[in-house]
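>>> Build me a model:
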Amino acid sequence: MVFFGSGPVAAESLRLLAENFNIEVVVTKPKPTHHRGNFPVLDLVKQLNLPVKTVTNKNELDELISSKPFDSKLGVIIDFGIIVSRKVIDYFPLGIVNSHFSLLPEWRGADPITFSILSGQPKTGVSLMLIDEGLDTGKLLTYKTLPIEPMDTTQSLTDRLIKLSDKLLQDYLPKYVIGSIKPKNQPHPDRATYSRKLTKEDGIIDWNKSAQQIEREIRAYIEWPKSRTKIADKEIIITKAHALPTNIPNNPIGKFEAVGNALMVECGKGTLCIDRLKPAGKSEMTAMAFLAGYKNLINQ
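Here you go, the predicted structure:
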């Protein structure tokens, strides 16, 4: 196969795929000149000694395909971040299979894992889909569900979905190649939901929301954009919290209060109890450790 992928999810998926499949070449984004540190897919292909081609956009990918560089009949795409044209899809006799981390047509789009946590839904899954020119509208090869645990963060859920994705690819790609399974249309396309790319502003906590919703955001945004607010004029990132169903009487929305060793804040519905946080310029700490230095300021 030819593997298309660029991000961290792509790198781990490629590492697992390479254990069971012959990767003719990896197509990925080049490392930007200003980027410092690791670049997961490029680092991995070097480690695994796999051939690699780099493209920065749709036009460069089209130009690459025009040179007819690949012999594989099948492409696999995970976490690529570049639009793939019909020209590229049609180059492969068996098309390009996308492992999409939701139960399509649920959460089509760029960030299905985050939005599955934000929604509070009890389960998600992986869908193997033949890509077309639409936004995750292609025919399905198979899918499998996965429960979302109450304390799942985007990272913990991603790790489990990667493993599920690899199992499905191992089980179903060979069947698809020999023609023993036929792609089927997605069920109920009129019920499709859509995710989107997050922005830095998504991380600014809106205390008018319910405590339950903010707790989901903290878990969903733990990697980026992170859940940010101010306490006693100090910029902080909340990394762990739990929601209480009732409000403290007569407390205004957004008011922080130290109750013993607990740090509480009033929300539009319910109260958020902060368990762990990271003040600007400092290491992550418990709420109790934070209160040791700031309790007097909070209760003024």
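
>>> residue ranges of the helices in the chain, please?
All helices of the chain, identified by DSSP state H, fall at 8-17, 40-48, 58-66, 86-91, 112-119, 154-177, 211-220, 287-298.

>>> would TSV of the ones you listed with distance to residue 276 be doable?
Every C-beta, even on glycine, is put in place using the N, C-alpha and C of the backbone. Conversion of the helices of the chain to TSV gives the following (distance: least, Cβ to Cβ, whole Å):
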stretch	distance to residue 276
helix 8-17	23
helix 40-48	27
helix 58-66	42
helix 86-91	45
helix 112-119	18
helix 154-177	15
helix 211-220	10
helix 287-298	7
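
>>> Which residues does the residue nearest to residue 290 when sequence neighbours are not counted form beta bridges with?
With Cβ to Cβ, 6 or more residues apart in numbering as the criterion, residue 290 has its nearest non-adjacent residue at 5.9 Å, and that residue is residue 277. Beta-bridge partners for residue 277, by DSSP bridges, are residue 238, residue 285.

>>> hang on, isn't residue 277 packed against residue 234?
No. Using Cβ atoms under 8 Å, residue 277 is not in contact with residue 234, being 9.7 Å away.

>>> These two: which has the busier surroundings?
Just comparing residue 277 and residue 234: by other Cβ atoms under 10 Å the higher neighbour count belongs to residue 277, 24 against 17.

>>> where's that one relative to residue 224, distance?
For residue 277, the distance to residue 224 equals 17 Å [Cβ to Cβ, to the nearest Å].

>>> so where is the stretch 201-300 of the chain shaky, pLDDT-wise?
297, 299-300 (pLDDT under 70).

>>> Contacts only, for the most centrally placed residue in the chain.
Nearest to the geometric centre of the chain sits residue 113, at 4.5 Å (Cα atoms, centre = their mean). For residue 113, the contacting residues are 101-102, 124, 154, 157-158, 161, by Cβ atoms under 8 Å, 6 or more residues apart in numbering.

>>> Isn't residue 104 up against residue 134?
No. In this structure residue 104 lies outside contact range of residue 134 using Cβ under 8 Å: 11.2 Å.

>>> So for these two, which sits in the more crowded spot?
More neighbours surround residue 104 than the other of residue 104 and residue 134, with 25 against 9 (other Cβ under 10 Å).

>>> any idea how far that one is from residue 265?
On the measure of Cβ to Cβ, residue 104 and residue 265 end up 37 Å apart.

>>> What segments of the stretch 1-150 of the chain are strands?
2-4, 25-28, 52-54, 75-77, 96-100, 123-130, 140-147 (DSSP state E, counting those that start in this stretch).

>>> what about the ones you listed, which gets the closest to residue 179?
Among those, the nearest to residue 179 by Cβ to Cβ is strand 140-147 (11.9 Å).

>>> buried stuff in stretch 140-157?
140-143, 146, 148, 152-154, 157 (16 or more other Cβ atoms under 10 Å).

>>> Between the two ends of that stretch, how far is it?
Taking Cα to Cα, to the nearest Å, stretch 140-157 runs 22 Å from one end to the other.

>>> same deal with stretch 229-240?
Stretch 229-240: ends 13 Å apart by Cα to Cα.

>>> starting at the chain centroid, how far to that stretch?
Offset of stretch 229-240 from its chain centre (Cα atoms, centre = their mean, to the nearest Å): 24 Å.

>>> And stretch 66-73, by the same measure?
Worked out by Cα atoms, centre = their mean, stretch 66-73 lies 30 Å from the chain centre.

>>> Now it: average pLDDT?
Per-residue pLDDT values over stretch 66-73 give a mean of 96.

>>> what does stretch 124-133 give?
Averaging pLDDT along stretch 124-133 yields 97.

>>> how about that stretch: buried residues?
124-132.

>>> Also stretch 25-42?
The neighbour-count check on stretch 25-42 (16+ other Cβ under 10 Å) flags 25-29, 39-42 as buried.
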